[in-house]
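Trainee: Give me coordinates for this.
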Amino acid sequence: MARMAREDWYDIARDLDWELSYVDREAVFPEWMSGQGKIPREAWAKWDEPYKVTYPEYVATQREKETGAYSVKAVLQKSRVFDQLDAGWKSVAKEHFGSVALVEDLAVYAELRMARFGLSPAWRNMAVFGALDETRHAQISLYFPHALLGKDPQYDWAHKAYQTNQWGIIAARATFDGMMMNPNVVDVAIQLPFTFETGFTNVQFVALAADALESGDINFANMISSIQTDEARHSQQGGPTLEILVEHDPRRAQWIIDKTFWVSARLFSILTGPGMDYYTPLPMRKQSYKEFMQEWIAGQFVDQLRDYGLKQPWYWDEFMAGLDTWHHAQHLGVWYWRPTVWWDPQGGVSPEERDWLHDKYPRWEEQFGPAWDVIIGNINDNRMELTLPETLPWLCNLCHLPIGTAGSPRNQKYPVRSYPLAYNGYTYHFCSRPCRQIWWEDRDTLHDRTVIERLLGGEIQPPTLEGLLSWMGLTPDVMGDDAYGYRWATPYASTSRPQGQQGQQGQQGRPYPRAGQVSRPPDGARPVPVNAMFENDAFTQLVTVLDTDTVAEAARKVAAQVVGRRVAPRSAGLVVRRAGAVIPGDVTVAQSGISALDAVSVGWAE
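Mentor: Okay, here's the model as predicted:
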């Protein structure tokens, strides 16, 4: 039997729609789910995706992709390719699998919501293919690391990560739920396919595949490339939706893009930045994270916005400046708090690597070099306990990343500091002005408590770092350690070190930190958890002082978490400031007016 030519039936089939006679349209496409807003119903007839596909064509293409990906995997599984991979590169793969595999599954539901509530039949048709794509991505991203479990238990976190309360996963869940599950489908189409997939993941997957090939991980490169070709197709749902929204409500379109780009960039600074500039072996680095972001993310994204008649986000200068600092601060934090992650972060600051970092980031030595010098001295003096945390960095109430990672030490324009906001009798803390502004605008839909808030609220028991690691699901066999066994610090052993400490026996095996400071206070004293910043450190931290402590004693408690760990000691006293005003050291914390959740800073007394 003869078949009709594709062009004779395709447009009719993909645009199949009908008038509803037995129920109100609002009942089928409720506003809270569809998000029509100011857009007239008839405007959706213009929705048109550039790349069109039929189901038979889709199946045939996907079969070829699956055959190619799994055939290569079957061949390489019999070889010793994995055993020869660099330890730093393996950490890139472990972080990727844990952070992304089940996000692909979440994206299935985002696509299905658009397939059900999308306001154009052509859009709903395309979203069905998108749901099939994301199902495949979740399956392949779980299957590939599963084969490596016998070699390394950290690969189990491809499946396990999103079932835990690990701090990075809480940050990722907050971001992706806000992008895929909380909004109406018009907002989803602009946040997920347009801003995140077109703006970030498509080009990031291309770069990741290239780095994987350079590192010899053919299996990973083949898998990522297979996924990326799907992303490039279904991400086109964003453009037609944005075009219609810009025509009828440009202010809404601008806001959705602005907030999504910011939170995506914050998350990418930890998911992608350290992998490109620290974990990937030096001879195999094609370009720096900053160069990649400037060329493929920032440049192309701004061009896209102009094509739609939109402006670059209001925070653009701060974002561009952050390309010099964000991921370096994230890397320092992840390495220092390495027992709290499921991969082995590579220090990445050998003399040759520091030369490369200085070449790519001229202010790196000034801003981050001193902290690494202190850490290197502790490693070579075998004082490993000083390279491990006893408390936690304070986390941003929007992006859930450590406060300090949106700035850098000795950065006068965008300094390391907390941006607090008092609301309904509670003080929230943010890493930056944009995070604070986005939270304020969307505060009614944001209900994710940070790890710090859960710790202070009594959810984590016992309230120590050991208790925290158990609550996060991290066991000694998977918690992170330095990928190279600290050998990158050996070339510095004969050089002078800023802290001037004598060698002591450090810990052996995987690091496990000592008890933290959130514990029962002495009788008559009340704990006061503060967001404490020490001068020239990279992070603000949770430090619990007592209301009966003098301010000078509280300053020493703050200094104990930083000095000799990331900041070199000095022969000087300490001074405490709150809201810029110096507090006398001889008054008690209660008398000083410092209260729970306050931001305080401690520095050297000149």
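Trainee: who's in contact with residue 593?
Mentor: residue 578 (Cβ atoms under 8 Å, 6 or more residues apart in numbering). For glycine as for every other residue, the C-beta is placed from the backbone atoms N, C-alpha and C.
Trainee: count of residues packed around residue 308?
Mentor: Residues lying near residue 308 (other Cβ atoms under 10 Å) number 17.
Trainee: The stretch 401-550 of the chain: strands as residue ranges?
Mentor: The residue ranges that make up the strands of the stretch 401-550 of the chain, judged by DSSP state E, counting those that start in this stretch, are 419-423, 426-430, 527-534, 540-546.
Trainee: what packs against the last one?
Mentor: When contacts are defined as 3 or more Cβ pairs under 8 Å, 6 or more residues apart in numbering; DSSP states H and E, strand 540-546 packs onto helix 451-456, strand 527-534, helix 551-560.
Trainee: Make a markdown table out of these and add distance to residue 315.
Mentor: As requested, those are exported to a markdown table (distance: least, Cβ to Cβ, whole Å):
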| stretch | distance to residue 315 |
| --- | --- |
| helix 451-456 | 24 |
| strand 527-534 | 22 |
| helix 551-560 | 30 |
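Trainee: Could you say which of those is packed most deeply?
Mentor: A comparison of those by mean neighbour count, using mean count of other Cβ atoms under 10 Å, puts strand 527-534 on top with a mean of 24.
Trainee: Sheet partners, orientation included, of it?
Mentor: Here strand 527-534 has these sheet partners by DSSP bridges: strand 540-546 (antiparallel), strand 599-604 (parallel).
Trainee: Could you say which of these is packed most deeply?
Mentor: The highest mean neighbour count among the strands paired with strand 527-534 belongs to strand 540-546 (a mean of 24), with neighbours defined as mean count of other Cβ under 10 Å.
Trainee: related to what we said a few turns ago, nearest to residue 85 among the strands paired with strand 527-534 would be which one?
Mentor: For residue 85, the closest of these is strand 540-546, at 35.1 Å, according to Cβ to Cβ.
Trainee: Just the CA atoms of that closest one, as PDB, please.
Mentor: C-alpha atoms of strand 540-546 as PDB (Å, rounded to 0.1, in the frame of the first residue of the first chain):
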ATOM      1  CA  THR A 540      32.400  32.800  55.900                       C
ATOM      2  CA  GLN A 541      31.900  30.000  58.400                       C
ATOM      3  CA  LEU A 542      29.500  28.700  61.000                       C
ATOM      4  CA  VAL A 543      31.200  29.300  64.300                       C
ATOM      5  CA  THR A 544      29.300  28.800  67.600                       C
ATOM      6  CA  VAL A 545      30.400  31.100  70.400                       C
ATOM      7  CA  LEU A 546      28.800  31.400  73.900                       C
END
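Trainee: Touching it from outside, list them.
Mentor: Strand 540-546 has contacts (Cβ under 8 Å, 6+ apart) with 391-394, 402-404, 416-418, 429, 452, 455-456, 517-519, 521-522, 525-534, 553-554, 557-558, 561-562, 589, 594, 599.
Trainee: Mind checking what helix or strand follows the helix of greatest length in the chain in sequence?
Mentor: Ordering each helix of the chain by length in residues (DSSP state H) puts helix 87-117 first. Scanning the chain past helix 87-117 towards its C-terminal end, the next helix or strand to appear is helix 121-146 (assignment: DSSP states H and E).
Trainee: what inclination does that following helix have with respect to helix 87-117?
Mentor: Direction vectors for helix 121-146 and helix 87-117, defined by axes from the mean of the first three to the mean of the last three Cα atoms, to 10 degrees, enclose an angle of 150 degrees.
Trainee: Mind giving me the packing neighbours of helix 121-146?
Mentor: Helices and strands touching helix 121-146, as assessed by 3+ Cβ pairs under 8 Å, 6+ apart, comprise helix 6-14, helix 55-76, helix 87-117, helix 157-160, helix 218-234.
Trainee: quick one: that helix to chain centroid distance?
Mentor: On the basis of Cα atoms, centre = their mean, to the nearest Å, helix 121-146 is displaced by 22 Å from the centre of the chain it belongs to.
Trainee: just the helices in the stretch 201-350 of the chain please.
Mentor: In the stretch 201-350 of the chain, the helices defined using DSSP state H, counting those that start in this stretch lie at 202-214, 218-234, 238-248, 250-271, 273-274, 289-292, 299-307, 316-322, 326-336.
Trainee: Nearest approach to residue 476 belongs to which of those helices?
Mentor: helix 326-336 (18.2 Å).
Trainee: Tell me where this structure is predicted with low confidence.
Mentor: Along the chain, segments meeting pLDDT under 70 span 1-2, 75-76, 78-79, 202-203, 495-521, 523.
Trainee: And the residue nearest the centre of it?
Mentor: Averaging the C-alpha coordinates of the chain gives a centre point, and the residue nearest to it by Cα atoms, centre = their mean is residue 267 (2.7 Å).
Trainee: what sits against the nearest residue to it once chain neighbours are set aside?
Mentor: On the basis of Cβ to Cβ, 6 or more residues apart in numbering, the spatially nearest residue to residue 267 that is not a chain neighbour turns out to be residue 175, at 5.2 Å. The neighbourhood of residue 175, defined by Cβ under 8 Å, 6+ apart, consists of 263-264, 266-267, 399-400.
Trainee: JSON lines for these, including distance to residue 233?
Mentor: Putting those into JSON lines (distance: Cβ to Cβ, whole Å) gives the following:
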{"residue": "263", "distance to residue 233": "25"}
{"residue": "264", "distance to residue 233": "20"}
{"residue": "266", "distance to residue 233": "27"}
{"residue": "267", "distance to residue 233": "24"}
{"residue": "399", "distance to residue 233": "29"}
{"residue": "400", "distance to residue 233": "31"}
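Trainee: top of these by neighbour count?
Mentor: With neighbours taken as other Cβ under 10 Å, the top of the contacts of residue 175 is residue 399, carrying 29 neighbours.
Trainee: so which of the helices and strands packed on strand 540-546 comes closest to residue 5?
Mentor: helix 451-456 (58.7 Å).
Trainee: and the closest residue to residue 236 other than its chain neighbours, how far is that from residue 189?
Mentor: Nearest non-adjacent residue to residue 236, counting by Cβ to Cβ, 6+ apart: residue 49, 5.1 Å away. Applying Cβ to Cβ, to the nearest Å, the value for residue 49 to residue 189 is 11 Å.
Trainee: of these two, who's got more company?
Mentor: For residue 49 against residue 189, the residue with the higher neighbour count under other Cβ under 10 Å is residue 189, and the figures read 32 against 20.
Trainee: Contacts only, for the more buried one.
Mentor: Under the contact definition (Cβ under 8 Å, 6+ apart), the residues listed for residue 189 are 114, 118, 123, 237-238, 241-242.
Trainee: Could you measure from it over to residue 204?
Mentor: With distances taken as Cβ to Cβ, residue 189 is found 20 Å from residue 204.
Trainee: Likewise for residue 555?
Mentor: Looking at residue 555 against residue 204, where the rule is Cβ to Cβ, the gap reads 43 Å.
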